[in-house]
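Q: I'll drop the sequence and a predicted model, then ask my questions.
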Amino acid sequence: MFNKMKVLGAGALASALIGASNASAALDWTGVTLNTTDVDTVMGLVIVGLATLWGLRKVVKTMNRS
């Protein structure tokens with residue numbers, strides 16, 4: 001019973017993979033543009049924030065040593 005389920009599962013997976021490879025050929029990405037200005041703005045803020053936190057952590061560590 002369990003071996004039969006494994007064979008059926010492998011067959012279903014194989015047919016799903018065959019069907020997926022054919023479906024990806026129909027995609028048309030011409031003329032598609034992605035707007036990434038919001039992502040760039042947020043990442044700029046995140047990088048500045050992380051650099052600030054890193055600097056403050058270094059200052060606190062230095063003050064704790066003396």
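A: Thanks, I have it.
Q: ok, residue 31 to residue 43 distance?
A: For residue 31, the distance to residue 43 under the criterion CB to CB, to the nearest Å works out to 26 Å. Bear in mind the C-beta positions are built from the backbone N, C-alpha and C, glycine included.
Q: in terms of neighbours, single out the busier of the two.
A: residue 43 (11 against 5; other CB atoms under 10 Å).
Q: so that one, which of the three states?
A: Each residue gets one of three states, and residue 43 gets helix by DSSP: H, G, I helix; E, B strand; the rest coil.
Q: gap between it and residue 15?
A: Distance check for residue 43 against residue 15: by CB to CB, it reads 41 Å.
Q: what does residue 53 give?
A: 51 Å.
Q: which SS class is the residue nearest the centre of the chain?
A: With distances taken as CA atoms, centre = their mean, the residue of the chain nearest its centroid is residue 39 (13.8 Å). On the three-state scheme (three-state DSSP), residue 39 is labelled helix.
Q: pLDDT score for it?
A: Per-residue confidence (pLDDT) for residue 39: 94.
Q: any regions of the chain where pLDDT drops low?
A: Within the chain, the stretches falling below the threshold (pLDDT under 70) are 1-2, 17, 19-26, 66.
Q: what's the burial count for residue 45?
A: Neighbour count for residue 45, taken as other CB under 10 Å: 10.
Q: what's residue 59 in contact with, if anything?
A: Residue 59 is in contact with no residue at all, counting by CB atoms under 8 Å, 6 or more residues apart in numbering.
Q: look at it and give its secondary structure.
A: The assignment at residue 59 comes out as helix when based on three-state DSSP.
Q: and it, how far is that from residue 52?
A: Note on residue 59: its distance to residue 52, by CB to CB, is 11 Å.
Q: residue 4 now?
A: For residue 4 relative to residue 52 (CB to CB), the value is 61 Å.
Q: show me where the protein has helices.
A: Per DSSP state H, the chain has helices spanning 2-24, 37-65. These are given in chain order.
Q: so who does residue 8 touch?
A: For residue 8, the contact set (CB under 8 Å, 6+ apart) is empty.
Q: how many neighbours does residue 10 have?
A: Other residues within reach of residue 10, judged by other CB under 10 Å, total 10.
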